[in-house]
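S.K.: okay, predicted coordinates and the sequence, questions at the end:
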Amino acid sequence: MGPIVLSTPKECLAYANRDYSEVLQSELLIVDTVDVNDRGGREVEVGLALAFGLGVWVVGPRRNVFHYLVNQQFSTWEETLEQL
């Protein structure tokens, strides 16, 4: 699946509000960093989760300094699923 292409500010706001709400309703955020993308949304979600004291796990490489603040880092999804 390719990136979501948003054409209007209203669509962008709807996605941002949805994602923000979903992060805040979570107890654990698992971020997949195996692939590289330039959208930045997952990094914002990691920041929100860290700021609100939620659990954060990274699956894949640490791609920025804030990934060193997470609770767990796993190389593969298999390792991650064993811990759930």
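M.R.: Looks like it came in fine. Residues are numbered from 1 along each chain as shown.
S.K.: just after the longest helix along the chain, pick out the following helix or strand.
M.R.: Scanning the chain for the helix with the most residues, using DSSP state H, yields helix 9-24. The first helix or strand that comes after helix 9-24 along the chain, using DSSP states H and E, is strand 28-32.
S.K.: got the buried residues for that following strand?
M.R.: Leu29, Ile30, Val31 (16 or more other CB atoms under 10 Å). The way it works is simple: take the backbone N, C-alpha and C, and place the C-beta from them, glycine included.
S.K.: partners of it in the sheet?
M.R.: Using DSSP bridges, strand 28-32 pairs in its sheet with strand 55-59 (parallel).
S.K.: the helix or strand just after the strand it pairs with pairs with which strands, and in what direction?
M.R.: Scanning forward in sequence from strand 55-59 by DSSP H and E, the next helix or strand is strand 72-74. Using DSSP bridges, the strands paired with strand 72-74 are strand 55-59 (parallel).
S.K.: of all the residues in the strand it pairs with, which ones are buried?
M.R.: Val56, Trp57, Val58, Val59.
S.K.: C-alpha coordinates for the longest helix of the chain, PDB please?
M.R.: The C-alpha coordinates for helix 9-24 follow below in PDB (Å, rounded to 0.1, in the frame of the first residue of the first chain):
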ATOM      1  CA  PRO A   9      -6.700  20.800   4.700                       C
ATOM      2  CA  LYS A  10     -10.000  19.300   6.000                       C
ATOM      3  CA  GLU A  11      -8.800  15.800   5.100                       C
ATOM      4  CA  CYS A  12      -5.400  16.500   6.800                       C
ATOM      5  CA  LEU A  13      -7.100  17.700  10.000                       C
ATOM      6  CA  ALA A  14      -9.400  14.700  10.100                       C
ATOM      7  CA  TYR A  15      -6.500  12.300   9.900                       C
ATOM      8  CA  ALA A  16      -4.500  14.200  12.400                       C
ATOM      9  CA  ASN A  17      -7.400  14.300  14.900                       C
ATOM     10  CA  ARG A  18      -8.000  10.600  14.400                       C
ATOM     11  CA  ASP A  19      -4.400   9.600  14.900                       C
ATOM     12  CA  TYR A  20      -4.000  11.900  17.900                       C
ATOM     13  CA  SER A  21      -7.000  10.400  19.600                       C
ATOM     14  CA  GLU A  22      -5.900   6.900  18.900                       C
ATOM     15  CA  VAL A  23      -2.500   7.500  20.400                       C
ATOM     16  CA  LEU A  24      -4.000   9.000  23.600                       C
END
